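1. all I have is the shape, not the residue letters:
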């Protein structure tokens, strides 16, 4: 299992992502770093790509869609955003 | 654990669709009568969802050419283009396509899907970036994935958004390929190509336009959206299909880039598949000449599109885009869309049912596509059935509303 997200920077990204994910939270479940996008939020492949576009604009980064196949949890997504912000 | 377990969600959804009537993803054409009529569920049905824009599937010249090709060249080539599958007619068709589009060279593929797969995966590689419109067709997404390139989506039909994303990428030495479509298949809206071309020029990117739904449909000569908007020279690569206005099966890629033909021995979807059948190649050659010599087909198509568009708007339906031969009606939810689609089919009208994730922004649509071969009587009939459907849906809405208990 992926370790919990650490550090204030990542925590703040997780919090921002959770806010953005509320729109897809049909069942109104509690969102956190370990929430699964596909199995808990039931976000389909197209919604994930739309979400990525919103994230790109919010953080002013590029997230090529080739990179999102490994993303399962909010924490995975936060790490990806963090890497792209650092120019990864 | 069963190997099909991963499909339990779509399978359950399909079960639900089946309960509402006919399987919209398994419609059987029991008999074909013409380009616009078939027997479906034992009923004579007007076809308004076949993308047969010019009705050339039953054009006598195209049919005769196909029959003659079978007699002279047989039923199949049994070989790939790089082995025994290149006949003189494949080359003739490629030259005719290139001449028609005013491009230096064209490559023919066995299907439109493979054309996108072959051209995109051939053009872009691991060190390139493809910027694709968010609403692109599945064949574009699949071709992009196969290329191994870095994939960046931009907002649908939004040149400013493309500009922003290209700016963000910066001049990092990688080649950038921008991919858009002429007319988008689901909603029928068309790309602002002139603005896209300006952005791509400023950033030194390449531009690929998929004219699948616009070839033979837009432009004074039927060359598509690039001709209509007067920017053909700005389009580096054109992709298209034979299975819509050209009335057969197959696809093509065309370009004036001097090195384009390197794809003939570097694009795997081009190399490792049997070539298009002789009858397909022959009928498409004939269809191209019909498009060139019979602008009346295009005029009839647009006349029919206008009539149907105005008819469904008058009936009270919400249309998704400006008038075009693709007319998509927005339904309020999936259940309503499935119900409406079944009612139309029962009344002898076939349209496409389009549901998410195959549609943009979760839209549930009845998608009609008009043909030049529709008679004025057929169009009038279809409008009457749509009007009856509108009344049916309104009655349903009233009944549902009266069943909802007042809460306030």
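-> Perfect, I can see it now. Keep in mind it's a predicted model, so treat the numbers as computed, not measured.
2. near chain B, which residues of chain A? Just list them.
-> Counting by CB under 8 Å from any CB of the partner chain, chain A comes close to chain B at A:44-47, A:49-50, A:52-53, A:56, A:60-62, A:64-66. Where you see a C-beta, it was placed from the backbone N, CA and C, and this is true even at glycine.
3. which two in those residues are spaced the farthest apart?
-> The two members of these with the most space between them (CB to CB) are A:44 and A:60, at 26.0 Å.
4. higher neighbour count, these two?
-> residue A:44 (17 against 10; other CB atoms under 10 Å in any protein chain shown).
5. ok, that one touching residue B:358?
-> No: look at residue A:44 against residue B:358 with CB atoms under 8 Å: they stay out of range, at 10.8 Å.
6. what segments of chain B are helices?
-> Secondary structure of chain B (DSSP state H): helices at B:8-19, B:60-73, B:88-101, B:112-123, B:138-147, B:159-169, B:193-203, B:225-228, B:268-271, B:278-293, B:295-314, B:334-346, B:376-403.
7. can I get these in TSV including mean pLDDT and mean neighbour count?
-> Shown next, in TSV, are the helices of chain B (pLDDT from 0 to 100; neighbours: other CB atoms under 10 Å in any protein chain shown):
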stretch	mean pLDDT	mean neighbour count
helix B:8-19	92	12
helix B:60-73	98	16
helix B:88-101	98	18
helix B:112-123	98	26
helix B:138-147	97	21
helix B:159-169	96	18
helix B:193-203	98	19
helix B:225-228	98	24
helix B:268-271	97	20
helix B:278-293	98	22
helix B:295-314	98	18
helix B:334-346	96	20
helix B:376-403	94	15
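8. among these, which is nearest chain A?
-> helix B:159-169 (5.6 Å; CB to the nearest CB).
9. got a list of what residue A:53 touches?
-> Neighbour list for residue A:53: B:134, B:153, B:154, B:155 [criterion: CB atoms under 8 Å, 6 or more residues apart in numbering or on different chains].
10. mind running it again at 10 Å?
-> Residues in contact with residue A:53 (CB atoms under 10 Å, 6 or more residues apart in numbering or on different chains) are A:63, A:65, B:134, B:152, B:153, B:154, B:155, B:161, B:165.
11. quick check: the gap between it and residue B:45.
-> Residue A:53 is 40 Å from residue B:45, where distance means CB to CB, to the nearest Å.
12. and what of residue B:21?
-> According to CB to CB, residue B:21 stands 14 Å off from residue B:45.
13. the two: which has the busier surroundings?
-> A direct count of neighbours by other CB under 10 Å for residue B:21 and residue B:45 places residue B:45 higher, at 23 against 15.
14. still on that earlier bit, put the buried members of the contacts of residue A:53 into a PyMOL selection.
-> A single PyMOL command selects the buried members of the contacts of residue A:53 (16 or more other CB atoms under 10 Å in any protein chain shown):
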select buried, (chain A and resi 63+65) or (chain B and resi 134+152+153+154+155+161+165)
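15. now the contacts of residue A:53 in JSON lines, with distance to residue B:99?
-> Shown next, in JSON lines, are the contacts of residue A:53 (distance: CB to CB, whole Å):
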{"residue": "A:63", "distance to residue B:99": "43"}
{"residue": "A:65", "distance to residue B:99": "37"}
{"residue": "B:134", "distance to residue B:99": "34"}
{"residue": "B:152", "distance to residue B:99": "35"}
{"residue": "B:153", "distance to residue B:99": "35"}
{"residue": "B:154", "distance to residue B:99": "33"}
{"residue": "B:155", "distance to residue B:99": "36"}
{"residue": "B:161", "distance to residue B:99": "36"}
{"residue": "B:165", "distance to residue B:99": "36"}
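16. for the contacts of residue A:53, which one is nearest residue B:371?
-> Ranked by distance to residue B:371 (CB to CB), the contacts of residue A:53 are led by residue B:134 at 28.9 Å.
17. for the closest one, give me phi and psi.
-> Here is the backbone geometry of residue B:134 (degrees, to the nearest 10): phi -60, psi -30.
18. excluding chain neighbours, give the residue nearest to residue 61 in space.
-> No chain in the question, so chain A it is. residue A:84 (4.2 Å; CB to CB, 6 or more residues apart in numbering or on different chains).
19. ah, no, chain B please
-> Residue B:61's closest residue in space is residue B:286 (CB to CB, 6+ apart), at 4.8 Å.
20. my read: residue B:64 touches residue B:283, true?
-> Yes: at 9.0 Å, residue B:64 and residue B:283 qualify as touching, with contact defined as CB atoms under 10 Å.
21. the residue nearest to residue A:61: what secondary structure?
-> Three-state assignment for residue A:84 (DSSP: H, G, I helix; E, B strand; the rest coil): helix.
22. now do the contacts for it.
-> Contacts of residue A:84 (CB under 10 Å, 6+ apart): A:55, A:56, A:59, A:60, A:61, A:62, A:63, A:64, A:67.
23. and the residue nearest to the fourth one when sequence neighbours are not counted, what does it touch?
-> To tie it back to what came earlier, the one meant is residue A:60. Excluding its sequence neighbours, the residue lying closest to residue A:60 (CB to CB, 6+ apart) is residue B:168, at 7.1 Å. Applying CB under 10 Å, 6+ apart to residue B:168 gives the contacts A:56, A:57, A:60, A:61, A:62, B:152.
24. surely the last one and residue B:124 touch.
-> No: using CB under 10 Å, residue B:152 and residue B:124 do not qualify as a contacting pair, with a distance of 11.8 Å.
25. hey, what's in contact with both of these two?
-> B:130, B:144, B:176.
26. tell me the one of these nearest residue B:249?
-> Using CB to CB, these come closest to residue B:249 at residue B:144, 22.9 Å.
27. that closest one against residue B:133, yeah?
-> No: counting by CB under 10 Å, residue B:144 sits too far from residue B:133 to count as a contact (11.1 Å).
28. all strands for chain A, in order.
-> Here chain A has no strands by DSSP state E.
29. most remote residue from it's center?
-> residue A:27 (17.9 Å; CA atoms, centre = their mean).
30. pLDDT score assigned to that one?
-> As predicted, residue A:27 sits at a pLDDT of 86.
31. overlap in contacts, residue B:144 and residue B:133.
-> Common neighbours of residue B:144 and residue B:133, counting by CB under 10 Å, 6+ apart, are B:153, B:179.
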